[in-house]
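Trainee: Starting from these lines, generate the structure:
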Amino acid sequence: MALKDLISINDLTPKEVRQIFVLTADLKTNPRNYSQSLAGCSVALIFEKPSLRTRVTFDLGATQMGASCVYLDHQNVRLGERESVKDMALNLERWVDIIVARTYSHETVIELAAHSSVPVINGLSEFSHPCQGLTDYFTLTEKVGDDLSGFHIAYVGDGNNTAHSLIFGAAKLGAHISIGCPKGYEPDADVLKVARKEAKKTGAKIQVFHDPFEAVDGAQAVYTDVWASMGFEAETERRREIFSPFRVTRKLMKAAAKDAFFMHCLPAHRGDEVDADVIDSKCSIVYDEAENRLHTQKGIMLTLAQANR
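Mentor: Got it, this is the predicted structure:
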């Protein structure tokens, strides 16, 4: 069955993940070869949440492949309020070729995909951030080679949407991911269950620790994210107290492998989840990740467009 949507990295087979990476690498190296790949196509960008990287890179990426974009923000669309998500999908499918949705509720993205005949891409929901996760692993392939089997990435912080996508990505690629988080802030239990089932096929290893130093021990990359994701801002002060032992510091990085990479999906809060002397150091590849959002999302859009023609 052809791939229609990208709601979660778990939607992809290991082969499809690698195919997206191969396409992404070529898009990055030879962008002019793809300048008309989406000619005549239209992309709807539905954004309930503020965005820098996701909006700019999807808009530019589509444009660079010959497509046009229409941007719909929450004030004008109000998904599920002004009209139903189903009706929104049934309208948009008559006008556009791809829908990118950045929403608060993961169910909104699922519902859009269920009622739309055109591909729907999850640009971020409270449960999953597949474009970021794919970008992160693609960035690592640029640093260490195409085969990430056995590569050890440690994620420190809230077991949130980004953590879920990294877990699914590790399971697909045969990587080793260790999550370090406070008790009560673990990744979703079903995510862990599904990913561990996949890991048995690919040789991946998925572990959860409540001690950041245990999680980071020997890791080749250390990843963190904000402690209070969008929608949880009211918990910022309480989370700052709970998560402070999980701040990525030089001391924590020393527990990782020599020359380990530091990764972050951005935006970052220096002094909270990461110290400035880590994120601004030579080990940091955060801006490589940010740049690669453009190329990876071009790969995702083109893959889905070709699969649904």
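Trainee: what domains does the record give for this protein?
Mentor: 9-129+291-307, 132-289 (automatic domain parsing).
Trainee: between the ones you listed, which one is nearest to Leu3?
Mentor: Between Leu3 and the domains of the chain, the shortest separation by CB to CB is 4.9 Å, and it involves domain 9-129+291-307. Where you see a C-beta, it was placed from the backbone N, CA and C, and this is true even at glycine.
Trainee: End to end on that closest one, go ahead and measure it.
Mentor: For domain 9-129+291-307, the first-to-last residue distance is 17 Å (CA to CA, to the nearest Å).
Trainee: Ala268: helix or strand, and which one exactly?
Mentor: Using DSSP states H and E, Ala268 sits in no helix or strand.
Trainee: measure it to Val278 for me?
Mentor: 10 Å (CB to CB, to the nearest Å).
Trainee: These two: which has the busier surroundings?
Mentor: Val278 (22 against 19; other CB atoms under 10 Å).
Trainee: Relative to Asp211, how far out is that one?
Mentor: The value you get for Val278 to Asp211, if CB to CB is used, is 19 Å.
Trainee: now do Pro31
Mentor: Counting by CB to CB - Pro31 and Asp211 are separated by 44 Å.
Trainee: These two: which has the busier surroundings?
Mentor: Ranked by neighbour count (other CB under 10 Å), Pro31 and Asp211 place Pro31 first, with 15 against 12.
Trainee: if I pick Tyr34, what's in contact with it?
Mentor: Contact analysis of Tyr34 by CB atoms under 8 Å, 6 or more residues apart in numbering lists 27, 64-65, 298, 302.
Trainee: about what we covered before: want to throw the domains of the chain into a markdown table with distance to Ala2 and mean pLDDT?
Mentor: What follows is those, written out as a markdown table (distance: least, CB to CB, whole Å; pLDDT from 0 to 100):
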| stretch | distance to Ala2 | mean pLDDT |
| --- | --- | --- |
| domain 9-129+291-307 | 4 | 96 |
| domain 132-289 | 18 | 97 |
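Trainee: And for Ala27, the neighbour number?
Mentor: Slight slip there: residue 27 is Leu, not Ala. 23.
Trainee: Touching, it and Leu302? I think so.
Mentor: Yes: contact between Leu27 and Leu302 holds when scored by CB atoms under 8 Å: they sit 7.3 Å apart.
Trainee: count of neighbours near Lys15?
Mentor: 9.
Trainee: Only the buried residues of the host helix or strand of it, if you could.
Mentor: When elements are assigned from DSSP H and E, Lys15 belongs to helix 14-29. Within helix 14-29, the residues scored as buried using 16 or more other CB atoms under 10 Å are 16-18, 20-21, 23-25, 27-28.
Trainee: now the strands: where do they sit in this protein?
Mentor: 42-47, 68-73, 98-102, 120-124, 152-156, 176-180, 205-209, 221-224, 261-264 (DSSP state E).
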